[in-house]
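In: need a 3D model of the following:
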Amino acid sequence: GLSRLPPPSKGDLFLDLEGARFAREGGREYLFGLWLGNEYRAWWALDDAEEKAAFEAVIDVIMAAWQADPAMHVYHFNHYEPTAFKKLMGRYVTRGEQLDKLLRAERFVDLYPIARQAVRAGVESYSIKKLEQFTGYTRKVALKNVHEPLLQVELALDANAPALITPEIRADVQGYNEDDCRSTEVLRDWLESLRSEWEAAGVTVPRPGEKAEETEKPVPEVQQQAVALRERILATLPAEATEPTHADHPKWLLAYLIDWHRREVNAEWWEYFRLKALSEEDLFEERDAVAGLTYVGRVDIVKRAGSQKPTGSVIDRYTYPLQEIEIGRKGKLKLQDDTPFGDVVAHDRMARLIDVKKGSKAADLHPTAAFSCDVITTDGLQKSVLRLAERTMAGADECGAQLLFRRPPRLRSDTFEQRVAETEQDLAVRVAMSLDRTTLAIQGPPGAGKTYIGAKMILALVAAGKKVGVTATSHKVIRNLLDEIVGQAAKTRQPVQVGQKPGEMSPEPGTIVEFDDNPPALHAITGGEVSVLGGTSFMWAREEFAGAVFKEKSRLILEKFLWAIPLCLVIIRKAE
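Out: Predicted coordinates for the structure are as follows:
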């Protein structure tokens, strides 16, 4: 643990946040505290505007301190502070580049795992309060006196009544926060003293390698376009557009959706680097990691389909001790040194056995820990949203913006009223044939028949000479609907050609034609080889696919989303 301590520097900062979990969706960071070594600074945030301003101010102070002292670090206790910063960056779309630089340069230092790995203390938990009996820090605000003020702040914010926070309550909570900040410095100094004792005894305690600030990279063109477009959109909107009830609120949302994908990718990269930096002991507590791996044996040698010659890849089996793991089949495992380990091909949680398919370079590698964190490039998706936003702001009546603007579905003719003796399925099919540049959502719990109705609608449209695109968040969900289409068509003997660009090609050809790349899939739907094509948003977001399902100026795209809760949406879009 002591070997993870960077050298102390005059510009070091000590950070602590106070949060109210239920004050708003996602919680509220209502007090930001910084100890600058000789000065304590606090920022209160009782609403969104103040929270954004406080976050920006704290990041600005940290960046200024880093510029003044390139060797500085920001010390905190446990991972709450960096996690909160990532959340705030995404919430307010601000200070993203600065936070990214700080994280990549490893400027944040968590003293909690360092203390756990440096000392063995006779305490119930390694909280900073429990460790103060060893560090010698004496609090200005007694812990027994601060529980009630902390609770009163949380209750006031939860009730949206910040006026109930009296000056006395505020003083107690701020004093508590200052104690936490200053105690963090004292803990760091105490750990440094232990390190000095070891070195005085002749034990070498190396420092971690200094992570140099990365060379400034040019902002990607797509991000420049996103920022410029957002500024153009926001310039046309009144300040009140931030309110959900305002007529221009959908445009305000659209402005911040433009680079949503990039922000999500940044969050994935931050998680990747966080997992990469953890020790094996800490990986035991991570659901996206497995620790304590023990090699059991070789399950299989991967061979070529035709010649049956070994490819060099192997499948090895490992066991692991009891721990919570969310790594499923097809999860990609990596090691702490960035080395790819392999793909999970089987995982028996009850028996605690995991089979990993490894390439030739890792065939004889048997690590004791690995983690899973895939970062997928989403530039194509962001460009698609950019194009949608440009067309929407130019006045186009975009199908893709109908839900955003809360517009009810439209029909060219006919009505949504259910006719006498007309079933829900018949109503859905009739409506699908008359949609007018709109979006129709069909909602229901599992087993309600959404897949069944969706297939009926698609077959009716195909019979009318339409082309249909199917998309979802996973290849499996897409395949489920395509299989239903093929099954219903077989029963009624309706000719239909169905294709899919899956994540992984099936070993044997089937009724559904599979494409291993975008160009042949595009050629098939535009050339009439298939009338129904399934693929994830990564395929449909490509610009060349924008008109792929148009025929006689009409198109239909069916999207199926499976949420974490037992809810499934089937959305149909049609443009004339």
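In: which residues of the stretch 201-350 of the chain fall in helices?
Out: 221-235, 249-257, 260-277, 280-283 (DSSP state H, counting those that start in this stretch).
In: in CSV: these, plus mean pLDDT.
Out: Shown next, in CSV, are the helices of the stretch 201-350 of the chain (pLDDT from 0 to 100):
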stretch, mean pLDDT
helix 221-235, 92
helix 249-257, 94
helix 260-277, 86
helix 280-283, 88
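In: most packed of the ones you listed?
Out: helix 249-257 (a mean of 19; mean count of other C-beta atoms under 10 Å). Placement of C-beta: from N, CA and C, glycine included.
In: need the CA coordinates for that one. CSV is fine.
Out: Presented in CSV, the C-alpha positions along helix 249-257 are these (Å, rounded to 0.1, in the frame of the first residue of the first chain):
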residue,chain,number,x,y,z
HIS,A,249,-37.6,21.9,-24.0
PRO,A,250,-37.3,19.2,-26.6
LYS,A,251,-34.9,21.3,-28.6
TRP,A,252,-32.9,21.9,-25.4
LEU,A,253,-32.8,18.1,-24.9
LEU,A,254,-31.7,17.6,-28.5
ALA,A,255,-28.9,20.1,-28.0
TYR,A,256,-27.4,17.9,-25.2
LEU,A,257,-28.2,14.6,-27.0
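In: which other helices and strands contact that helix?
Out: Judged by 3 or more C-beta pairs under 8 Å, 6 or more residues apart in numbering; DSSP states H and E, helix 249-257 is in contact with helix 221-235, helix 379-393.
In: next, the angle from the first one to helix 249-257.
Out: Spelled out, that is helix 221-235. Per axes from the mean of the first three to the mean of the last three C-alpha atoms, to 10 degrees, the angle that helix 221-235 makes with helix 249-257 is 160 degrees.
In: ok, the last one next?
Out: Helix 379-393 and helix 249-257 are oriented at 150 degrees to each other (the same axes, to 10 degrees).
In: quick one: buried residues of helix 379-393?
Out: 380, 381, 382, 383, 384, 385, 386, 388, 389, 392, 393 (16 or more other C-beta atoms under 10 Å).
In: how about residue 354, secondary structure?
Out: Of the three states, residue 354 takes strand under DSSP: H, G, I helix; E, B strand; the rest coil.
In: let's have the buried residues of helix 379-393 in a markdown table, adding distance to residue 361 and pLDDT.
Out: Converted to a markdown table, the buried residues of helix 379-393 look like this (distance: C-beta to C-beta, whole Å; pLDDT from 0 to 100):
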| residue | distance to residue 361 | pLDDT |
| --- | --- | --- |
| 380 | 30 | 91 |
| 381 | 32 | 93 |
| 382 | 33 | 92 |
| 383 | 35 | 93 |
| 384 | 36 | 93 |
| 385 | 38 | 94 |
| 386 | 39 | 94 |
| 388 | 42 | 93 |
| 389 | 44 | 94 |
| 392 | 48 | 93 |
| 393 | 50 | 92 |
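In: a markdown table for those, including distance to residue 284?
Out: Below are the buried residues of helix 379-393 laid out as a markdown table (distance: C-beta to C-beta, whole Å):
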| residue | distance to residue 284 |
| --- | --- |
| 380 | 37 |
| 381 | 35 |
| 382 | 36 |
| 383 | 41 |
| 384 | 40 |
| 385 | 39 |
| 386 | 42 |
| 388 | 44 |
| 389 | 44 |
| 392 | 48 |
| 393 | 50 |
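In: before we move on, the earlier item: can I get the helices and strands packed on helix 249-257 in JSON lines including distance to residue 197?
Out: Below are the helices and strands packed on helix 249-257 laid out as JSON lines (distance: least, C-beta to C-beta, whole Å):
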{"stretch": "helix 221-235", "distance to residue 197": "49"}
{"stretch": "helix 379-393", "distance to residue 197": "52"}
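In: residue 421 is nearest to which of the ones you listed?
Out: Proximity to residue 421 (C-beta to C-beta) singles out helix 379-393 among those, at 40.6 Å.
In: packing partners of the closest one?
Out: So helix 379-393, by 3+ C-beta pairs under 8 Å, 6+ apart, packs with helix 221-235, helix 249-257, helix 260-277, helix 537-540.
In: can you list those in TSV and add distance to residue 445?
Out: Shown next, in TSV, are the helices and strands packed on helix 379-393 (distance: least, C-beta to C-beta, whole Å):
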stretch	distance to residue 445
helix 221-235	37
helix 249-257	28
helix 260-277	28
helix 537-540	24
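In: residue 101 is nearest to which of those?
Out: helix 260-277 (11.3 Å).
In: residues in contact with that closest one?
Out: For helix 260-277, contacts defined as C-beta atoms under 8 Å, 6 or more residues apart in numbering pick out 79, 86, 89-90, 93, 96, 100, 103-104, 106, 222-223, 226, 283, 286, 288-289, 334, 336, 338, 371, 373-379, 381-382, 385.
In: in the stretch 51-200 of the chain, where is pLDDT below threshold?
Out: For the stretch 51-200 of the chain, no stretch has pLDDT under 70.
In: show me the residue sitting in the middle of this protein in space.
Out: residue 264 (5.1 Å; C-alpha atoms, centre = their mean).
In: what about that residue, distance to residue 468?
Out: 29 Å (C-beta to C-beta, to the nearest Å).
In: can you check residue 161 too?
Out: Residue 161 sits 52 Å away from residue 468, taking C-beta to C-beta as the criterion.
In: who has more neighbours out of those two?
Out: residue 468 (27 against 11; other C-beta atoms under 10 Å).
In: out of the helices and strands packed on helix 379-393, which comes closest to residue 242?
Out: helix 249-257 (6.0 Å).
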